[in-house]
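Participant: Sequence below, structure please.
(3 chains)
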Amino acid sequence: MAAVFSGAPPQGGPGYSFKQTPTAASASGERQHSFYPYTDNGGSTLGISGADFTILAGDTRSTSGYNINTRYAPKLFKIGGEGPDNKGARIVLSVVGFAADGDALKERLDTIVKMYKYQHGKNMSVAACAQRLSHILYGKRFFPYYVHAILGGLDEEGKGALYSYDPVGSYEREQCRAAGAAASLIMPFLDNQVNYKNQYVPGSGVGHELQAREAVPLPRTTVEQLVRDAFTSAVERHIEVGDGLQMMIITREGIEERYMPLKQD
Amino acid sequence: MNHFPQAWGRPRDDIYGAYDHSHFQTHGPGGPNQHTQRPIVTGTSVVAAKFKDGVVIAADNLASYGSLARFTDVKRLRKFNDQVVVGFGGDVSDMQYLNRILNSLDIRENYSNPENPLNAKNLHTYLSKVMYKRRSDFDPLWNHLLIAGLDGESKPFLASADLLGTTFSSPTLATGFGAHLAQPILRKTIPDEASVANVSEEEAVKLVKECMKVLFYRDARSMDRYSIAVIKSEGVDLKEDEKLENQSWAFAEQIRGYGTQVN
Amino acid sequence: MTSIGTGYDLSNSVFSPDGRNFQVEYATKAVENGGTAIGIRCKDGVVLALEKLITSKLLKPGANKRISTVDRNIGVVSSGLLPDGRHFVSRARDEAASWRSTYKAPIPTTALANRMGSYVQAYTLYSSVRPFGVTAIIGGWDSEAELPVDGEVGSGPSVGAGGKKEDGKRGGPFLYMIEPSGSYWGYYGAATGKGRQAAKSELEKLNLSAGELSLYDGVKEAARIIHVAHDDNKDKEFELEMTWVSSLDGPTKGRHEEVPKELLEEAERLAKKALEGDDEDEEEEKMEE
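Facilitator: Sure, this is the predicted structure:
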């Protein structure tokens, strides 16, 4: 099977050209250091949606390798609303990965959402914004924005809405999502604590009879505490996560912003 | 037709002969455009710290050609106007290009808006977009910039932009080797934004000079002549020909096994 | 200047049999109705002044500036059709920027005057365009110090080959006036617009060729001349707009800027006083008669 994809000529058959593409190295023998347009600025983000709210959170550390660039670089951005401070915005975008792409993405989405209001005289719905974001990412599929985005807000019924994305625009509405450096540390914790994965009703039986504990929308205080716990734990185990925790809670009243220090080690 | 999809549509060697790679020249005239692949003449660290009512920024006056100390009076701090100074690390030709861009920007801004000159925050936004655009075109400006000055509310402002378009802001910043060697020293005195209010101009200048000293001893691409600027609401005080005081490598002669003396 | 009916005035770029280009002459007419603009070349700088006629009481006082900056060290004031003046300035700025990108240094005032002269002249050559309806005064200070090349780093060798040596005088104040025909001359004092005759005779009295007049005195004279040139009886109200450019050690540090408010008000106060003084003299003379 491997031979089929290796580009090797069919056995006994004629050879074909372009078996291997020529490289600069083969032409002159010298190797050039070429420019790599991405970097990873570390950090983690997470979002959880509730019955009538959505929480997005991210640490504020920015890193380059083992260096800490700064202890305060927000990864959460209000989208839409009025003016440079996004007054009255009801949508929050979190981006983690390559920070320059994150900033560029944020700025594009923000202008689009603002232009939408100028042109249509009403606020963009979260669902529409979510699909637009997907299209922006997909539009740069061949030179992607190297970020994991999470978009949060309230849907048309007032329920918490949370959308998560891959760098090229594939997206999905979810209850909760962790992204970034410590995603693999936080996500299983969230699965267990938000969606009650691997939790069962005691005494409901054995084997296939065993009943899974049913997931219910969690109250806000519980969710906030989950977020704090997730990050304090991630800080202990991942060097790129730390310094500060920024949270944005979107409710019918607007966006509440919280900041909590994390360990700086 | 055969069952090898990767061969479909390709010329058969037994009919056309093997592909002649010389037709596809990847270098020389007629080849694709070559963008900057690496910096050539470079400046090393830029160091900066906020204090109570302004920002101090410093960079030495050396431009290196690899390990050769090529130019020894290159000024890497550029005063943009009375409230902004830009510090350049990295490629010197790209620094000169950015200098010219900034010059024409200043002239054009003055045509349309002579009463409200650009502040440090404005300039940082502008420069970071220039840097990001060039990296997205795969033609980067090989620099790491620090933009020091005052923001729209006349508060101290310090932020960085690099060849990838990455931006961040912090009460103390250092590029290149300075990120490893100077930043920990600076952070000892100015750990966070709140502590900036307790730092006087004299303390900040002393701190930055201390960093320049450490860099002079431990960064092989550095020198003891440097530029230092203080930006306050009163204006910019830029000194371009400072010398680290009482610093000398003479002691190295005395160290056994260091120089020509082998045992 | 009777060209009516001859047909020689209908197209640009066409001479009349006696060697005149009537379109250019008509453009000059447009200038002759504009507010007076003057420029004075002083020993340590240049002053530009403009009589800005107030066309409506609904215009905000002090807004709508008419004297423009080109690069950092050159000022342009024009009289005639406003939009033509703005296009002139826009072209001058492009020329200055293009000079910079070629030579990595600011354009000398004389080079700018030359390029703009050529540009304006080109608009007298083709039937598809009309000449500029402005006469522009260009005043600038060329740096007397050795300027670094834009973006230059380092100072080069201080001695030996490639080292510095003191040479002759360089830089200084420059003043040019460009007419719709494209012809331009360097002046000690230049005036155009409606009140140019009065302004010119006042400028001549200043003995500018001696190069003794200081920039501060120039500002005061400029204000006075604009007031003298203004005809109270026939003209609308006006606003005095004034800019200056000094040497590097002068008040504007080689940059073209507006004259500061206090100085402008002081100059205008003195100008009015001087005018009233003249009136009183006349009245006294009449009394004596």
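Participant: Now A:L162: closest residue in space that isn't a chain neighbour?
Facilitator: A:S49 (4.0 Å; Cβ to Cβ, 6 or more residues apart in numbering or on different chains). C-beta here means a position set from N, CA and C on the backbone, and glycine is covered the same way.
Participant: quick one, what contacts that neighbour?
Facilitator: Going by Cβ atoms under 8 Å, 6 or more residues apart in numbering or on different chains, A:S49 touches A:55, A:152, A:159-162, A:174-176.
Participant: Nearest to C:K273 among these?
Facilitator: Set against C:K273, the nearest of these by Cβ to Cβ is A:G152 (70.9 Å).
Participant: mind checking pLDDT for the residue nearest to A:L162?
Facilitator: pLDDT recorded at A:S49 is 96.
Participant: Can you name the residues bridging to it?
Facilitator: A:T54 (DSSP bridges).
Participant: Now do the helices in the stretch 51-200 of chain A.
Facilitator: Ranges of helices in the stretch 51-200 of chain A, per DSSP state H, counting those that start in this stretch, are A:99-120, A:126-139, A:183-193.
Participant: Tell me if I am right that C:A30 is in a helix.
Facilitator: Yes - assessed with DSSP: H, G, I helix; E, B strand; the rest coil, C:A30 lies in a helix.
Participant: how about the nearest residue to it, chain neighbours excluded?
Facilitator: C:G133 (4.0 Å).
Participant: Check whether that neighbour really touches C:S78, as I assumed.
Facilitator: No - if you go by Cβ atoms under 8 Å, C:G133 and C:S78 don't touch, sitting 9.4 Å apart.
Participant: Name the residues contacting each of those two.
Facilitator: C:D84.
Participant: element containing B:S248?
Facilitator: Under DSSP states H and E, no helix or strand contains B:S248.
Participant: what lines up beside the host helix or strand of C:W244 in the sheet?
Facilitator: Secondary-structure element containing C:W244, defined by DSSP H and E: strand C:238-246. Using DSSP bridges, strand C:238-246 pairs in its sheet with strand C:45-53 (antiparallel), strand C:256-258 (antiparallel).
Participant: Can you pull the phi/psi pair for whatever residue of the stretch 51-200 of chain C ends up closest to chain B?
Facilitator: Using Cβ to the nearest Cβ, the single residue of the stretch 51-200 of chain C nearest to chain B is C:G151, 3.7 Å away. With angles defined as degrees, to the nearest 10, C:G151 sits at phi 80, psi 0.
Participant: so it sits right up against B:D94, yeah?
Facilitator: No - assessed by Cβ under 8 Å, C:G151 is found out of contact with B:D94, at 10.3 Å.
Participant: between the two, which one's more packed in?
Facilitator: When C:G151 and B:D94 are compared for neighbours, B:D94 comes out ahead with 22 against 18, by other Cβ atoms under 10 Å in any protein chain shown.
Participant: ok, now which ones touch that one?
Facilitator: By Cβ under 8 Å, 6+ apart, the neighbours of B:D94 are B:36, B:39, B:141-143.
Participant: List the buried residues in the helix or strand in which it is found.
Facilitator: Assigned by DSSP H and E, B:D94 belongs to helix B:92-112. Using 16 or more other Cβ atoms under 10 Å in any protein chain shown as the test for burial, helix B:92-112 gives B:92-96, B:98-100, B:102-103, B:105-107, B:109-110.
Participant: got it, and stretch C:27-46?
Facilitator: For stretch C:27-46, burial by neighbour count (16+ other Cβ under 10 Å) applies to C:27-28, C:30-31, C:34-46.
Participant: Next: stretch A:238-254.
Facilitator: Neighbour-count burial for stretch A:238-254 [16+ other Cβ under 10 Å]: A:238, A:240-251.
Participant: okay, that stretch in CSV with CA atoms only?
Facilitator: The C-alpha coordinates for stretch A:238-254 follow below in CSV (Å, rounded to 0.1, in the frame of the first residue of the first chain):
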residue,chain,number,x,y,z
HIS,A,238,1.6,24.0,32.4
ILE,A,239,4.4,26.6,32.2
GLU,A,240,2.7,28.7,29.6
VAL,A,241,-0.3,29.4,31.7
GLY,A,242,-0.4,31.9,34.6
ASP,A,243,-0.1,35.5,35.7
GLY,A,244,-3.8,36.5,35.6
LEU,A,245,-7.3,35.2,34.8
GLN,A,246,-9.6,37.3,32.8
MET,A,247,-13.3,36.3,32.7
MET,A,248,-16.2,37.8,30.8
ILE,A,249,-19.7,36.8,31.7
ILE,A,250,-22.4,37.6,29.1
THR,A,251,-25.9,38.0,30.5
ARG,A,252,-29.1,39.8,29.5
GLU,A,253,-27.7,42.8,31.4
GLY,A,254,-24.5,43.0,29.4
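Participant: A:K159: what's it in contact with?
Facilitator: A:K159 touches A:49, A:51-52, counting by Cβ under 8 Å, 6+ apart.
Participant: between those residues, which is closest to A:I79?
Facilitator: Using Cβ to Cβ, those come closest to A:I79 at A:S49, 16.2 Å.
Participant: All the strands of the chain, in order from the start?
Facilitator: Let's take chain A. A:44-49, A:54-59, A:62-64, A:67-70, A:76-79, A:91-97, A:147-154, A:160-165, A:171-173, A:176-180, A:244-251, A:254-261 (DSSP state E).
Participant: please go with chain B instead
Facilitator: Under DSSP E, chain B gives strands at B:41-43, B:46-51, B:54-60, B:63-65, B:68-71, B:77-81, B:84-91, B:143-150, B:156-162, B:167-169, B:172-174, B:225-232, B:235-243.
Participant: Please identify the deepest-packed of the strands paired with strand C:238-246.
Facilitator: With neighbours defined as mean count of other Cβ atoms under 10 Å in any protein chain shown, the strands paired with strand C:238-246 peak in mean count at strand C:45-53, which reaches a mean of 26.
Participant: Quick check: the residue in the stretch 101-250 of chain B that chain C sits nearest to vs C:S101, distance?
Facilitator: Closest to chain C within the stretch 101-250 of chain B is B:N103: 5.5 Å, counting by Cβ to the nearest Cβ. Taking Cβ to Cβ, to the nearest Å as the measure, B:N103 falls 10 Å from C:S101.
Participant: Determine the number of other residues adjacent to A:E157.
Facilitator: 7.
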